[in-house]
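[1] starting from these lines, generate the structure:
(one chain, ligands or ions: 2)
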Amino acid sequence: MASVELRVLGCGDAFGSGARFQTCFHLKSDRHSLLLDCGASSLIAMQRFGVDPGAIEAIVLSHLHGDHFGGLPFFLLHAHYVAKRRRGLAIAGPAGMASRINAALEVLFPGSASLTWRFPLQLIELTPGQICALGGLRIMPFAVDHPSGAPALGLRLRLGRRTIGYTGDTAWSEALIEIARQADLFIAECYSPRGNGKHHLDWQTLRQRAPELAARRILLSHMSASMLAELPKLDLGPFEPAQDGLTITL
Ligand SMILES: [Zn+2]
Ligand SMILES: [Zn+2]
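    Ligands and ions are numbered 1, 2, ... in the order given. Modelled structure (predicted):
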């Protein structure tokens with residue numbers, strides 16, 4: 001079985017810290033090409049790193065904050081007007097996603113929410129605990145703790161014979177242990193060096209919980225300016241810092 005390649009198209013936070021693009025990961029197997037999250041800058045990042053938007057079959061969203069789904073209006077309008085896409089596109093994400101995507105389209109490009117897309121667009125709402133099969137991709141969503149106007153999800157994805165776990169944005173949650181279990185790669189947000197236990201993960205918590213995160217590799221993402229400043233001083237142990245453009249073959 002061929003490998004799965006993960007390319008970091010964006011591992012930044014919402015605030016442009018470290019001049020990083022907002023969250024977006026490209027997953028590619030011999031048969032499939034998909035995005036995991038689609039922050040506002042994702043179409044630019046795709047152009048920067050040579051990823052063809054037309055080849056993307058599915059976009060999986062962890063939660064509905066702009067640095068994770070704000071790239072969709074640009075992606076969709078590019079597909080419609082520029083690429084003149086015909087192949088279908090599936091977007092899987094939290095309940096309530098359809099109205100939030102339409103609202104984002106409408107506020108950014110008035111009239112676009114009522115466009116008849118040139119391509120079949122399928123919106124799939126994910127329910128925590130229920131496996132969703134999407135072509136060759138299997139998605140297991142978990143409820144996590146991150147207020148974003150809709151349920152926030154941690155995700156465990158199975159593509160080919162590889163498993164990728166992803167925290168999304170969240171305060172520490174016991175669900176993360178299950179998401180990481182024997183994953184080939186676990187992507188963990190690590191917003192700050194020390195947190196207050198609310199909304200986001202922090203380095204201190206991840207370091208302390210490391211023995212419970214039984215993934216083969218753990219990638220740190222979504223770092224704030226203060227976390228990036230501390231990074232060179234830290235003994236990272238089993239954690240690897242993400243950077244835009246990084247490619248990992250699983
Ligand atoms: Zn968020
Ligand atoms: Zn975020």
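[2] which residues does stretch 71-89 contact?
    Contacts to stretch 71-89, defined as Cβ atoms under 8 Å, 6 or more residues apart in numbering, come from residues 22, 24, 38-43, 53-54, 56-59, 91, 101, 104-105, 108-109, 112, 115, 117-122. Bear in mind the C-beta positions are built from the backbone N, C-alpha and C, glycine included.
[3] go again using 7 Å as the cut-off
    For stretch 71-89, the external contacting residues (Cβ atoms under 7 Å, 6 or more residues apart in numbering) are 24, 38-43, 53-54, 57, 101, 104-105, 108-109, 112, 115, 117-122.
[4] wait, does that stretch make contact with ligand 2?
    No: for stretch 71-89, no contact with ligand 2 is found by Cβ under 5 Å from the ion; the gap never falls below 12.5 Å.
[5] what residues sit buried inside that stretch?
    Going by neighbour count (16 or more other Cβ atoms under 10 Å), the buried part of stretch 71-89 is G71, L72, P73, F74, F75, L76, L77, H78, A79, H80, R85, L89.
[6] for stretch 139-153, same thing?
    By 16+ other Cβ under 10 Å, the buried positions in stretch 139-153 come out as 139-146, 148, 150-153.
[7] the residues you listed in strands, which ones?
    With DSSP state E as the criterion, strands contain I139, M140, P141, F142, A143, L153 from among the buried residues of stretch 139-153.
[8] how about the buried residues of stretch 139-153 in CSV, adding distance to Y166?
    CSV is the format used below for the buried residues of stretch 139-153 (distance: Cβ to Cβ, whole Å):
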residue, distance to Y166
I139, 10
M140, 11
P141, 10
F142, 10
A143, 14
V144, 10
D145, 15
H146, 13
S148, 15
A150, 17
P151, 15
A152, 12
L153, 9
